[in-house]
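Novice: What shape does this take:
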Amino acid sequence: MNIEEILAHPAFWIVVAAASELIGMSKFKDNSVIQLIFTAIRSLKPAKKG
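Specialist: Prediction:
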């Protein structure tokens, strides 16, 4: 399995969204490193086709 397949899989984005929500509710929400990582991951999301 390569990175493109992982990024295209809906379950990956569900995990990213869930982790983002959990971090948003925690004391780490102001951690700029974590925000930077999640921004980078979201920028890799493939554009919707259709």
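
Novice: any idea of the mean pLDDT in the helix ranked longest in the chain?
Specialist: Ranked by residue count, the top helix of the chain under DSSP state H comes out as helix 10-25. The average pLDDT for helix 10-25 rounds to 84.

Novice: Now whatever helix or strand comes next after that helix - C-alpha only, CSV.
Specialist: Next helix or strand after helix 10-25 toward the C-terminus (DSSP states H and E): helix 32-43. The C-alpha trace of helix 32-43 is given here as CSV (Å, rounded to 0.1, in the frame of the first residue of the first chain):
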residue,chain,number,x,y,z
SER,A,32,1.1,25.3,17.1
VAL,A,33,3.1,22.2,16.1
ILE,A,34,0.0,20.0,16.3
GLN,A,35,-2.0,22.6,14.3
LEU,A,36,0.8,22.7,11.7
ILE,A,37,0.8,18.9,11.3
PHE,A,38,-3.0,18.8,10.9
THR,A,39,-3.0,21.6,8.4
ALA,A,40,-0.3,19.8,6.4
ILE,A,41,-2.3,16.5,6.5
ARG,A,42,-5.5,18.3,5.3
SER,A,43,-3.6,20.0,2.5
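
Novice: Kindly tell me how buried residue 23 is, as a neighbour count.
Specialist: Residue 23 sits with 16 neighbouring residues when counted by other Cβ atoms under 10 Å. To be clear about C-beta, it is placed using only N, CA and C from the backbone, and glycine gets the same treatment.

Novice: hmm, back to that, the longest helix of the chain versus helix 32-43: what angle between them?
Specialist: Here the directions of helix 10-25 and helix 32-43 differ by 150 degrees (axes from the mean of the first three to the mean of the last three Cα atoms, to 10 degrees).
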